[in-house]
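Participant: sequence? don't have it. structure:
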């Protein structure tokens with residue numbers, strides 16, 4: 001990808017301008033390749049938020065918007081990097097190269113494989129600027145490349161999750177490549193394989209379709225589930241699958257809750273009485289399915305098998321999720337609603353195992369969104385439908 005000096009200078013001078021307005025001024029700057037300039041300005045703006053170490057590096061090239069939309073964030077890429085190390089790594093679905101760049105820091109040599117020639121050109125230009133001279137760039141099909149290469153320590157694969165019409169897909173069988181079909185090849189070419197799957201995929205389905213699973217990492221950022229990572233290993237045949245629920249906080253800290261299915265199968269204590277405090281697990285724990293063991297681990301009582309809300313009379317400060325102090329518990333009886341919500345004009349509403357949507361309940365209660373009041377609409381173990389009014393701890 002070649003840029004004229006005029007285009008490079010234009011990108012630097014107009015980085016803070018509105019790209020949509022710049023696109024309309026192409027005739028005003030005939031010496032500038034305006035489509036390229038706009039793509040780079042938009043890409044760098046996204047990178048400043050999503051991958052700041054790249055956004056702050058002059059000369060980094062960016063592809064069209066879709067690739068930027070699909071790429072990993074720096075915070076999740078750094079987390080993945082903390083899970084791997086060795087001599088050799090192959091990323092067979094290179095993309096923009098963000099994951100490969102961060103993963104490669106723990107390897108003597110890395111190979112980036114990508115079908116799209118443009119992305120390979122971008123990677124070839126970017127990696128040296130980032131001090132990653134140990135990454136070889138290969139333009140080709142990753143699966144085909146694996147079939148003829150030597151064995152390595154780790155393989156990373158992020159299957160394409162869009163169909164031929166550009167629509168998003170979730171199921172393993174709908175992704176390209178289908179990792180379930182090539183798992184034998186993957187494990188014949190590496191001791192360990194990291195697969196990045198859709199955060200929308202049901203974890204039990206992933207475990208059903210994949211063999212030799214050693215670990216699962218459910219990764220959220222600021223309580224929004226972003227990635228489902230599955231690690232395959234040749235030594236995992238007879239071992240328990242450890243599930244790690246990780247919530248990366250804006251502070252730089254991480255909430256980590258690890259368990260296995262055997263622990264989750266143990267019973268827990270249920271209650272129909274909401275205590276002084278209410279707890280809602282973070283998004284990774286809910287996605288990972290740690291519904292009972294989270295209760296046991298923190299000595300909490302669960303409100304219902306399907307509600308996934310917990311309570312106690314003593315505050316558990318280090319609980320990995322949101323913590324609330326309860327103000328009232330009441331039914332949807334008009335008298336009780338008036339007594340407990342009469343003066344309240346707005347509230348944050350959460351539905352947990354309740355036969356109404358948030359919008360339906362908000363309309364019924366005539367409440368605007370926001371404020372300091374939190375309402376949880378849920379079902380107790382005795383099947384009572386209640387509202388729990390509370391405030392954040």
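Facilitator: Structure's in. What do you need? Small disclaimer: the values here were computed from a predicted structure and weren't measured.

Participant: roughly how far apart are residue 356 and residue 348?
Facilitator: 16 Å (CB to CB, to the nearest Å). C-beta here means a position set from N, CA and C on the backbone, and glycine is covered the same way.

Participant: now the helices for the stretch 101-250 of the chain?
Facilitator: Listed in chain order, the helices of the stretch 101-250 of the chain (DSSP state H, counting those that start in this stretch) span 117-129, 142-147, 183-189, 203-209.

Participant: can you pull the contacts of residue 220?
Facilitator: Shown in contact with residue 220 (CB atoms under 8 Å, 6 or more residues apart in numbering): 226, 246, 247, 248, 282, 283, 284, 287.

Participant: one more time with 6 Å, if that's ok
Facilitator: 247, 283, 284 (CB atoms under 6 Å, 6 or more residues apart in numbering).

Participant: ok, what's across the strand from the first one?
Facilitator: Using DSSP bridges, the beta-bridge partners of residue 247 come out as residue 220, residue 255.

Participant: need the contact partners of stretch 236-254.
Facilitator: 75, 212-222, 255-260, 282, 284-285, 288.

Participant: please read the previous query as pertaining to stretch 46-55.
Facilitator: Residues outside stretch 46-55 that contact it (CB under 6 Å, 6+ apart) are 44, 60, 68, 73, 74, 98.

Participant: can you lay out the residues you listed as TSV showing neighbour count, secondary structure and distance to residue 314?
Facilitator: Compiled in TSV, the contacts of stretch 46-55 are given as follows (neighbours: other CB atoms under 10 Å; DSSP: H, G, I helix; E, B strand; the rest coil; distance: CB to CB, whole Å):
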residue	neighbour count	secondary structure	distance to residue 314
44	21	helix	50
60	19	coil	51
68	20	helix	47
73	17	coil	37
74	19	helix	38
98	25	helix	43
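
Participant: which one of those is nearest residue 128?
Facilitator: Top of the list for closeness to residue 128, among the contacts of stretch 46-55 and by CB to CB, is residue 60 at 10.9 Å.

Participant: re the thing from before, tell me which of the contacts of residue 220 is nearest to residue 339?
Facilitator: Of all those, residue 283 has the smallest distance to residue 339: 33.4 Å, by CB to CB.

Participant: pretty sure that closest one is touching residue 226, no?
Facilitator: No: taking CB atoms under 6 Å as the contact criterion, residue 283 and residue 226 are not neighbours in contact, 9.1 Å apart.

Participant: on that earlier part again, among the helices of the stretch 101-250 of the chain, which is nearest residue 377?
Facilitator: Checking the helices of the stretch 101-250 of the chain against residue 377 by CB to CB gives helix 203-209 as the closest, at 25.7 Å.

Participant: quick one: residue 184 from residue 84, how far?
Facilitator: Look at residue 184 and residue 84: by CB to CB, they are 21 Å apart.

Participant: touching, residue 61 and residue 122? I think so.
Facilitator: Yes: here residue 61 lies in contact with residue 122, judged by CB under 6 Å, at a distance of 4.6 Å.

Participant: give me the more crowded residue out of the two.
Facilitator: When neighbours are counted by other CB atoms under 10 Å, residue 122 comes out ahead of the other of residue 61 and residue 122, with 24 against 21.

Participant: report the contact partners of that one.
Facilitator: Under the criterion of CB under 6 Å, 6+ apart, the contact partners of residue 122 comprise 61, 63.

Participant: go again with 8 Å.
Facilitator: 1, 61, 62, 63, 96, 97.

Participant: tell me the buried residues within those.
Facilitator: The neighbour-count test (16 or more other CB atoms under 10 Å) applied to the contacts of residue 122 identifies 61, 62, 63, 96, 97 as buried.

Participant: low-scoring stretches of the protein, by residue?
Facilitator: By pLDDT under 70, the weakly predicted segments of the chain are 1-2, 66-67, 162-167, 237-238.

Participant: residue most distant from the centroid, it?
Facilitator: residue 335 (42.9 Å; CA atoms, centre = their mean).

Participant: next up, the contacts around that residue.
Facilitator: Contacts of residue 335 by CB under 8 Å, 6+ apart: none found.

Participant: residue 342 versus that one, what's the distance?
Facilitator: 10 Å.

Participant: likewise residue 363?
Facilitator: In terms of CB to CB, residue 363 sits 18 Å off from residue 342.

Participant: residue 270 now?
Facilitator: Residue 270 sits 32 Å away from residue 342, taking CB to CB as the criterion.
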